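only geometry, no sequence info:
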């Protein structure tokens, strides 16, 4: 018998009810913090960093996240040193999303850990699961990239603009496209 609550199921990658009151409250708190973050004057760097440190599960000392920025929970996001995102980045962090050191994310990128059942009847019950996303060190993601559940991108990889990353990308490569594929080694 499964005695796990919905949040525990979510964090373990099992099917969970996204309409659970605890998860809804967590998302509401996170959305309020994202709203607050996006309203801080861009010149108020210390205030912006303090809010992100409060929101994320782990941060390096040096990072910069351009506004607007959006996420679902915040506590499942870990960023390394010298992390940078440009405007309008979305991280749906129902599972852990981990970024290494020296990661550069261009505008309009999305990192999506949540997946829904293919069967409409099951999907309409509000069930989903989540798989972690891991981005290695020294990775650059071009504008408009989408990184899907369960993907790992290796160290020193470059992902071209507009890519939809559906499968793991090895280290030291240039990859792009829909679906994203390795084009050459770097």
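All right, it came through fine. Since we're looking at a predicted model, the values are computed, not measured. Numbers count the residues shown, from 1 in each chain.

run through who's touching stretch 141-151.
By Cβ atoms under 8 Å, 6 or more residues apart in numbering, the residues outside stretch 141-151 that reach it are 86, 95, 103-115, 130-135, 153, 158-169, 176, 180. Heads up, the C-betas are built off the backbone N, CA and C, glycines and all.

buried subset of these?
Among the contacts of stretch 141-151, those scoring as buried are 86, 95, 103-106, 108-115, 130-135, 153, 158-160, 163-166, 169, 176, 180 (criterion: 16 or more other Cβ atoms under 10 Å).

in strands, which of the contacts of stretch 141-151 fall?
When DSSP state E is applied, the contacts of stretch 141-151 are split such that 104-105, 110-112, 114-115, 130, 133-135, 153, 158-159, 164-165, 176 fall in strands.

in a helix, residue 54, correct?
Yes - read with DSSP: H, G, I helix; E, B strand; the rest coil, residue 54 is one of the residues of a helix.

just checking, it touches residue 33?
Yes - under the criterion of Cβ atoms under 8 Å, residue 54 makes contact with residue 33 at 7.3 Å.

the more surrounded of those two?
Neighbours around residue 54 and residue 33, counted as other Cβ atoms under 10 Å, are more numerous at residue 33. The numbers are 16 against 11.

list the buried ones in the longest helix along the chain?
When the chain is scanned for its longest helix (criterion: DSSP state H), the result is helix 21-39. Residues of helix 21-39 classed as buried under the neighbour-count rule (16+ other Cβ under 10 Å) are 23, 26-27, 30, 33-34, 37.

show me the shaky parts of the protein.
Filtered on pLDDT under 70, the chain yields the residue ranges 1-2.

any idea how far residue 174 is from the closest residue to residue 61 other than its chain neighbours?
Counting by Cβ to Cβ, 6 or more residues apart in numbering, residue 81 is the residue found nearest to residue 61 once chain neighbours are left out, at 6.5 Å. With the distance defined as Cβ to Cβ, to the nearest Å, residue 81 ends up 24 Å from residue 174.

list the contacts for residue 154?
With contact taken as Cβ under 8 Å, 6+ apart, residue 154 is in contact with 136, 139, 168-173.

now with 10 Å, please.
Taking Cβ atoms under 10 Å, 6 or more residues apart in numbering as the criterion, residue 154 is in contact with 100, 134-139, 168-173, 175.

of those residues, grab the buried ones for PyMOL.
Buried members of these, identified by 16+ other Cβ under 10 Å, are gathered into one PyMOL selection as follows:
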select buried, resi 100+134+135+136+137+138+139+169+171+173+175
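
show me what the most centrally placed residue in the chain is bridged to.
Nearest to the mean C-alpha position of the chain, counting by Cα atoms, centre = their mean, stands residue 91 at 3.3 Å. Beta-bridge partners recorded for residue 91 (DSSP bridges): residue 71, residue 111.

verify the stated contact: it with residue 83.
No - with the criterion set as Cβ atoms under 10 Å, residue 91 and residue 83 do not qualify as a contacting pair; they are 11.7 Å apart.
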